[in-house]
Structure formats: C-alpha cells, structure tokens
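Undergrad: predicted model and sequence below, questions to follow.
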Amino acid sequence: MTVGKTLKNIRIRLGHSSARSFYLGHLEKNGLQGMNYAYYMKVENDEALPSPTAISAIGATLGRPDRRALILIYCETLFPNDKSLFTKGPQEKVPERVSEDTSYGTATSPSQQVLSQRQVAKILESIQHYALFLVIEMARYPVSIETIQKFLPKADVLSLVGEFERLRLVRVDDGNVSPVSTEVKFPPADNKALESLYAQMDLWAPSIDGMLSLQKQRQKVLVRRISERYLSLIARQTDLLVDLIKASEEVDPVHNDQVVTLNLSLFSGPVPG
C-alpha cells in the first residue's frame, strides 16, 4: 500500500468518484490550504511524496480512523526499514477500496449526484433540454436566465429551467441559475429506456457543438491494419486521453474559460485480404 493508493481508497469510500470532486467537495471545503489540485493529483498518483505538514493538513480534514491510516502509511513510506513500529491495530486498518455508488437519484457526496432515470429522461427530452443542461452544469458561477436565453435563442429557457428545477436538477435564486450538484453522473444503461436515451444523446453530439458555438480543434478519420498488440495499446492511450481531459480543470475556476467536447469511437475487426 502507498500514500496515493490510501488516499484514493479513502476518497472512494467517502463517496467521491473523482479526485476533483474530493479536492473541491471535501478537502478544500474542510479547510485544506497550501496544496493546489494539480499537486494533490500528483500525491494521489504517487508521483510526489508530500511533506509532513501537507499530510497533516490532509489528515485534519478526515475522521480519526482515516487520518491515522494515512499517517501510518506515510510513516511506513518514510521509514521502510522500521515498518514494525507502525503496525496497525485491528480497528485501524487502511480502508479497503469499495465500489462506486451507482444508486439512482442519490447524492454520493455534497458535490456529486447520481441522476435518476426520470432526471435523465428530462435532460434528454429534446436537444434544447440537453444543451441547456450542459450550459448550466458547466457554468463556473450562477448565470442569469436572460444571459442563457441570448446564448440559446431557440430554446424557451425560462420554461425549461422550471422543468429542471421541479426535478431538483438546478436551483434558481433571484433569476440566476446554478446546478444542484457540481458533478453529476449518468447511471449505466442497464435497461432499454436508458439505452434509447443514450443513443439519442450520441446522435445529438455533432449538433451540440454548433449550438454551443464551439470551434473545431481536431478531426481525424483513419482506417488501417494493425496488430492485436497495438490495438490494446491504442485503447489504453485513448483511456489516458479521457483521463487527461477529466483532470485538466484548474482549481481556480477563473482560468477554466474554455469548454471542450470529445466524441471518440474506436472500431476494430477482421476484413478480407
């Protein structure tokens, strides 16, 4: 076990599926100072060993069992030849990794929400619903209904916001709209209704770019023969690209002034010849 893996296990056990959600919704919210998100990511990925001061600061945001587990692992890392000095008691084991919460319509943490099927159906009721949801969810601060209406002139924003508010997808305060959760998760497509909704969302992807006035940065189409070994490598590299995009938000939202969309498909199979 390492410091990074211990932190990741604690994060997931506390209901945060992403490092960003844990940093913003737990660490920063509970007073962590002197460590930005980029450095925290290095610590969790075991790319950097924090100072004792930094470990104490993280531990101060945790409950006693998690704090003790983190400090014990840190001490074992600093003094690998003296691990016996830091033997954990029966009630002080490092928390085991648990599966992500995939329950529908529930909050896995104050900043994260798993959508219910009813909420998904409302978001994907029309392309205007979907575009509005994306604008609100990606906003760095509350946005006025008037501003959104100018950005999405073909949508009846006031009416759609009302529909979202009734399903607790957004909150409205003095004409300004903000998401109920800073991070939402769509449930897995484990039934025909959700499969159909997600298929429709995929069909809307090219049109959404235009509705949000996004500029094309890259478009590549490539067909060629490769070996099975390289196919596995390419698949892993695409996963790394997705992870990079997920982790590329700056901690200070003022710097996050760009929105990107990625519609990635990789197909393979044998053909004659």
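TA: Yes, it's here. Worth saying up front: this structure is predicted, and the values here are computed from it rather than measured.

Undergrad: show me the strands in the stretch 151-273 of the chain, by range?
TA: In the stretch 151-273 of the chain, the segments counted as strands under DSSP state E, counting those that start in this stretch are 170-173, 176-179, 183-185.

Undergrad: can you redo the ones you listed as JSON lines with mean neighbour count, distance to Phe133 and mean pLDDT?
TA: C-beta coordinates here come from the backbone N, C-alpha and C atoms, glycine included. Below are the strands of the stretch 151-273 of the chain laid out as JSON lines (neighbours: other C-beta atoms under 10 Å; distance: least, C-beta to C-beta, whole Å; pLDDT from 0 to 100):
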{"stretch": "strand 170-173", "mean neighbour count": "15", "distance to Phe133": "8", "mean pLDDT": "92"}
{"stretch": "strand 176-179", "mean neighbour count": "18", "distance to Phe133": "9", "mean pLDDT": "93"}
{"stretch": "strand 183-185", "mean neighbour count": "18", "distance to Phe133": "9", "mean pLDDT": "82"}
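
Undergrad: nearest to Leu262, of those?
TA: Closest approach to Leu262 among the strands of the stretch 151-273 of the chain (C-beta to C-beta): strand 183-185, 17.3 Å.

Undergrad: just to revisit the earlier point, of all the strands of the stretch 151-273 of the chain, which one is nearest Met211?
TA: Per C-beta to C-beta, nearest to Met211 of the strands of the stretch 151-273 of the chain: strand 176-179, 17.3 Å.

Undergrad: partners of the closest one, with directions?
TA: strand 143-144 (antiparallel), strand 170-173 (antiparallel) (DSSP bridges).

Undergrad: save these as JSON lines, and put in distance to Leu233 too.
TA: Formatted as JSON lines, those follow (distance: least, C-beta to C-beta, whole Å):
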{"stretch": "strand 143-144", "distance to Leu233": "42"}
{"stretch": "strand 170-173", "distance to Leu233": "42"}
